[in-house]
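Participant: Sequence and computational prediction follow.
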Amino acid sequence: MIVTVTLNAALDDTYEVPDARPGEVNRVAAVHRRPGGKGVNVARVLHGLGHEVVATGLVGGAAGRRIEDGLAASGVPAAFSPVAAESRRTVTIVGPEVTMYCEPGPLVTDVEWRAFLGRYDALAADAAVVVLSGSLPPGVPPDAYAELARRAPGPVVLDADGEALRLGVAGRPDVVKPNAAELARASGTGDTAEGVRALRAAGAGAVVASLGPDGVLADTPDGVLRTSLDRPEPGNPTGAGDALVAALAAGLAGGVPWPDRLRRAVALAACAVRSPVAGELDAAALPALLARVTLRSEESHAARPHE
């Protein structure tokens with residue numbers, strides 16, 4: 001079983017506006033409303049691929065009930081911990097460019113946080129892999145991901161930003177998956193190779209930096225690998241990183257060697273780009289995309305065992 005943690009779950013509204021024009025009245029061609037938050041999206045991808053998964057985290061208010069109801073309707077098992085404040089909403093505009101608006105999330109009390117930790121410990125005890133994804137709502141300790149990583153008896157994948165990522169690496173997660181901007185903020189350098197080395201030195205067992213159409217740069221115990229699609233896939237990139245994390249978690253749970261794990265991760269991310277909604281994909285397209293993935297090894301200056 002893979003457990004995904006979404007501490008700042010959301011109700012996601014995605015508007016398709018093919019000819020969106022800033023500052024003008026825009027007509028929406030299609031609306032998609034789904035449970036969201038990065039870990040929720042990871043759980044939906046894993047469930048769609050047939051993996052055993054449980055989504056957990058924090059939800060509250062009417063929005064929280066809709067998140068739980070939406071997951072139940074799609075068949076994704078969930079075990080969220082309640083908070084009194086209202087869960088957040090996010091809005092994504094998919095047009096010539098993709099724009100997201102994300103609310104900060106509910107204020108979480110210390111009592112609510114401690115109650116979640118009890119639920120988390122019970123779930124993590126039976127997990128093959130734990131995935132920690134997304135932002136932290138107000139009131140949750142800034143080093144929450146480091147604490148959750150330390151409390152997990154098995155492997156952990158971390159996908160976060162800013163202080164949550166920088167402090168979370170101290171929990172020594174097995175895999176950290178930043179995008180280029182997140183990597184620069186956490187490492188203090190705009191050089192991707194230096195950034196992944198810095199996060200490994202800070203405690204990550206492996207770092208997989210997602211670079212959009214340029215694929216990924218992965219610094220792993222087996223060496224440094226670059227993986228990419230032969231050409232960029234057009235579409236909505238908002239769910240690509242979550243699909244990438246889903247593939248990394250599944251590969252970690254299944255003991256898949258790093259080269260094969262990365263090939264599948266890049267193909268699955270490209271598959272997600274084709275969907276207008278994060279967390280959904282057409283798995284039938286995966287074999288053709290997998291055939292288009294290239295991988296090469298680079299000289300490793302930092303690959304070393306995760307002590």
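Facilitator: Great, that's in hand.
Participant: I'd assumed Val196 was in contact with Val207.
Facilitator: Yes - the criterion here is CB atoms under 8 Å, and Val207 meets it with Val196 at 4.2 Å. For every residue, glycine as well, the C-beta is placed using N, CA and C.
Participant: tell me, what's touching the two both at once?
Facilitator: 183, 218-219 (CB atoms under 8 Å, 6 or more residues apart in numbering).
Participant: re earlier: quick one: which of Val207 and Val196 has more around it?
Facilitator: Neighbour tally, Val207 and Val196, criterion other CB atoms under 10 Å: the higher count belongs to Val207, 31 against 27.
Participant: quick one: pLDDT of Ala303?
Facilitator: For Ala303, the pLDDT comes out at 39.
Participant: can you count the residues close to the nearest residue to Gly105 once chain neighbours are set aside?
Facilitator: Once flanking residues are discounted, Gly105 sits nearest to Pro137: 3.3 Å by CB to CB, 6 or more residues apart in numbering. For Pro137, the neighbour count with other CB under 10 Å is 25.
Participant: Pretty sure Pro137 sits against Thr109.
Facilitator: No - at 11.0 Å, Pro137 does not count as touching Thr109 under the criterion of CB under 8 Å.
Participant: ok so, going back, among the shared contacts of Val207 and Val196, which are located in strands?
Facilitator: When DSSP state E defines the strands, the subset of the shared contacts of Val207 and Val196 inside them is 218-219.
Participant: circling back to that earlier point, compute the distance between the residue nearest to Gly105 and Ala160, please.
Facilitator: 13 Å (CB to CB, to the nearest Å).
Participant: Tell me the one of the shared contacts of Val207 and Val196 nearest Leu148?
Facilitator: If you rank the shared contacts of Val207 and Val196 by distance to Leu148 using CB to CB, Leu183 comes first, at 20.8 Å.
Participant: isn't Ala170 right next to Leu199, touching?
Facilitator: No - using CB under 8 Å, Ala170 is not in contact with Leu199, being 10.9 Å away.
Participant: and these two? which has more neighbours close in?
Facilitator: Legend: neighbour count by other CB under 10 Å for Ala170 and Leu199, higher for Leu199 (24 against 16).
Participant: so the more buried one sits right up against Arg185, yeah?
Facilitator: No - using CB under 8 Å, Leu199 is not in contact with Arg185; the gap is 11.3 Å.
Participant: Skip the chain neighbours and tell me the closest residue to Arg264.
Facilitator: Using CB to CB, 6+ apart, the nearest residue to Arg264 is Ala247, at 5.0 Å.
Participant: Give the buried residues for the strand or helix carrying that neighbour.
Facilitator: If you go by DSSP states H and E, Ala247 is part of helix 240-254. Neighbour counts over helix 240-254 (16 or more other CB atoms under 10 Å) mark 240-253 as buried.
Participant: One more: stretch 120-127?
Facilitator: Here stretch 120-127 shows 120, 123-124, 127 as buried, counting by 16+ other CB under 10 Å.
Participant: Rebuild these as a markdown table, extending it with distance to Ala285.
Facilitator: Shown next, in a markdown table, are these (distance: CB to CB, whole Å):
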| residue | distance to Ala285 |
| --- | --- |
| Tyr120 | 34 |
| Leu123 | 32 |
| Ala124 | 33 |
| Ala127 | 29 |
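Participant: Please narrow those to those residing in helices.
Facilitator: By the criterion of DSSP state H, membership of the buried residues of stretch 120-127 in helices covers 120, 123-124.
Participant: could those go into TSV alongside distance to Thr99?
Facilitator: Formatted as TSV, these follow (distance: CB to CB, whole Å):
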residue	distance to Thr99
Tyr120	33
Leu123	34
Ala124	35
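Participant: I'd like to know which of the shared contacts of Val207 and Val196 is nearest to Val54.
Facilitator: Val54 lies nearest to Ala218 out of those, by CB to CB, at 26.8 Å.
Participant: In contact with that closest one, which residues?
Facilitator: Residues counted as contacts of Ala218 (CB under 8 Å, 6+ apart) are 196, 206-209, 224-227, 258, 262.
Participant: what about stretch 217-232, start to end distance?
Facilitator: 16 Å (CA to CA, to the nearest Å).
Participant: Can you list the buried residues in it?
Facilitator: 217-220, 224-229.
Participant: pLDDT on that stretch, on average?
Facilitator: pLDDT averaged over stretch 217-232 gives 91.
Participant: From the chain's centre, how far out is that stretch? Work that out for me.
Facilitator: 18 Å (CA atoms, centre = their mean, to the nearest Å).
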